[in-house]
Structures are given as C-alpha cells and as structure tokens.
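> Provided below are the primary sequence and the corresponding predicted coordinates.
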Amino acid sequence: MTGNAVLDQETSSKAVYSQQDGVWLPSVLSRGPWDPRAQHGGAPSALLAHLAEAAVSEPGWQLTRLTVELIKPVPVAPLTVRQEIHPARSTTRTTIELYADDVLVARAHALLLRGQAITVQDDVPGWSPEQLLPPPSECSERLVIPGMPTGTSFYWSAMEILMAQGDSAAPGAGAAWFRLTVPLIEGRPASPAMRAAAVADFGNGLSWILPVEQYLFANADLSLHLHRPPQGEWIGLIAETHADTSGAGTTMSRMYDVHGPIGVAIQTLVMRERAAK
C-alpha cells in the first residue's frame, strides 16, 4: 500500500494504526503539528511501546523504560518493523526499528522488568507533588497551543487534553490531563504503557517557550521511565521546557494518574527559527 493510499483513508479513520500483512498503516489521526505528511511523536511512540510489550508472552512483565529516537520525521505512510529481543531472568531488552520504504525513521530501546512483590514505604518525602491537582473531573479548559494547527491530527482529534495548571496561551511551564479518544491500534485495547507513551511526547507543546508561528521546537527523542503502569483513562503531565541560544532545548515532564506519580519523560528539542515566508 502506498503513502497516498494511507492518506486516502482520512474520512474513514477510526484508529491511529491498523495492520495488514505485517505492515503498520497510520491513519490521518497520527498526524503531527509540523507537517501534515509526518506523524506526531506520540503516535509511533505508542506503537513502539506495543511492540516492546509484545516481546514477552508471559504475564507479569512491565515496560519500565522506552527510549525513542526520532531519526527522521515519521511519515504518514506504511511502516515495517525490525526487532531484536534479548531476554534474561529478570529483564528483557528489545531494540525496535521502524522503516518507511526501507528508510530507518525511528528506533526504540525498551526495558521490561519481571514483576516481584516487595514492600515499599509510601510516605517518604519528595520534591514532586504527590498528586496532580485539580483532577480531570474538575478541569474544563482545553489545551489550545497558539499557532498550532487544529485540523485532523493526533493532537486535536485523537486526544482530549484539559489544562490543569498554567496558561496554554502564554509561554512557560504547564500541567494538563490527557485521555485518548480513539483506539491506538484497530481492534486492540491500548495498554497502560502505550497510553503513557502516547502522552509523554506532548511535554514540549504543553510547556512551549517560543511562538509556533516563528519557531519550530520538535523533539528528536523521547525517554520514558515508568515505575508503575497508569491506572484509569486519564494521564497527567507537569511539563517544563528550558532552552539555550544555541538552539538546543530539553523538556522534563513528571507523569501522573489520578492516584499519584507514575514516572517521568525527557525530550531533547531541536529549536529552529522558521524560514521567512
């Protein structure tokens, strides 16, 4: 199937991805904010989380780290997979590569741990908030990033995003709750780790510091670390972006569900001034 055939599915898209003969077909719901021909980083990150979890067939394994390298813009076009799996007694490591027309566009390194029950003291003081407040049931303002396209896309159509803290119309740190509104993979439920990976890539947009009309601030990678799977459909981010005049930036996101922290995510940003029209 060609890239044009994928794009022709716009009017009937009900999931971000479908699979046909071992090939992954992204729908228009995977689109990102920078180019309608390229996917939002959250879409392939969720797909890579699914492929990592599929590396183990036994129950009791947990995806604890997913590092995604976005080598090229991932096109809204058919994707093939190459994967290596390195199992051990307590850990499984896997490297996954996504190809478009035999061109490597993304690579992920994932770590899965075999669960083992332990007793953990739950009242140890820390620097991060114990909960993201207010909860999603008390939030109503949708995240609207000034200058960001609002057509059919992963950001606008596949996610419900409610501001919890900060001002989405002004630069600076922010917090929001995210909920998928469509299936990630046609005919399959999204796992907690897949939903976390889909949300983790939104940190740089939530905490933007440069205007979209004048600058690009796309992330070249994403590193997600989960100490527990999220519970429930809502996942929250508290995100903060820092940048240097060299054009390099980082976004740090603390991740939550309605019960408390679940992990962290870090993005490396490539910040460039847009060419004059």
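Looks like it came in fine. Residues are numbered from 1 along each chain as shown.
> please enumerate the strands of the stretch 151-277 of the chain.
159-165, 174-180, 215-226, 235-243, 248-257, 260-273 (DSSP state E, counting those that start in this stretch).
> could you pull out the buried residues of the fifth one?
Residues of strand 248-257 classed as buried by neighbour count (16 or more other Cβ atoms under 10 Å): 249-257. All C-beta spots, glycine's among them, are computed from the backbone N, C-alpha and C.
> also stretch 183-199?
Quick answer for stretch 183-199 (16+ other Cβ under 10 Å): 183-186, 190-199.
> wouldn't Leu237 be in contact with Arg254 here?
Yes: using Cβ atoms under 8 Å, Leu237 is in contact with Arg254, at 7.2 Å.
> so where's the protein shaky on pLDDT?
1-12, 277 (pLDDT under 70).
> nearest residue to Ala200 in space, please, no chain neighbours.
Ala265 (3.7 Å; Cβ to Cβ, 6 or more residues apart in numbering).
> who's in contact with that neighbour?
200-201, 203, 222-225, 237, 252-253, 255 (Cβ atoms under 8 Å, 6 or more residues apart in numbering).
> bridging residues for it?
Under the criterion DSSP bridges, Ala265 forms beta bridges with Leu224, Ser253.
> now it: how far from Ile118?
Distance of Ala265 to Ile118, given as Cβ to Cβ, to the nearest Å: 24 Å.
> what of Ala200?
26 Å.
> rewinding a little: of the contacts of Ala265 - the most surrounded one?
Taking other Cβ atoms under 10 Å as the neighbour criterion, Ala200 ranks highest of those with 32 neighbours.
> show me the contacts for that residue.
Taking Cβ under 8 Å, 6+ apart as the test, what Ala200 contacts is 42, 45, 222, 224, 237, 253, 255, 265.
> now, which of those residues sits nearest Arg272?
Leu222 (18.6 Å; Cβ to Cβ).
> ok, the closest one - contacts?
Contacts of Leu222 by Cβ under 8 Å, 6+ apart are 41, 45, 66-68, 70, 197, 200-201, 265-267.
> hmm, 6 Å instead?
45, 68, 200-201, 267 (Cβ atoms under 6 Å, 6 or more residues apart in numbering).
> from Gln116, how far off is it?
With Cβ to Cβ as the criterion, Leu222 and Gln116 are 27 Å apart.
> show the contacting residues for Ala220.
70, 268, 270.
> from Arg89, how far off is it?
Distance, Ala220 to Arg89, using Cβ to Cβ: 34 Å.
> same deal with Glu213?
53 Å.
> what does Ala275 give?
For Ala275 relative to Arg89 (Cβ to Cβ), the value is 53 Å.
> over to Ser246?
44 Å.
> try Val16
If you go by Cβ to Cβ, the gap between Val16 and Arg89 works out to 35 Å.
> now tell me what touches the longest helix seen in the chain from outside.
Counting residues, the longest helix found in the chain (DSSP state H) is helix 42-53. Helix 42-53 is contacted by residues 16-17, 30, 63, 66, 68, 74, 94, 96, 106, 108, 110, 154, 184, 191, 193-194, 197-198, 201, 222 when judged by Cβ under 6 Å, 6+ apart.
> could you tell me which of those belong to helices?
Short answer: the contacts of helix 42-53 in helices (DSSP H) are 154, 193-194, 197-198.
> what is the nearest of these to Pro230?
For the ones in helices among the contacts of helix 42-53, the nearest to Pro230 is Ala193 (8.4 Å; Cβ to Cβ).
> now do the same contact list for Asn219.
Contacts of Asn219 (Cβ under 6 Å, 6+ apart): 204, 267, 269.
> having no further points to raise, I will conclude here.
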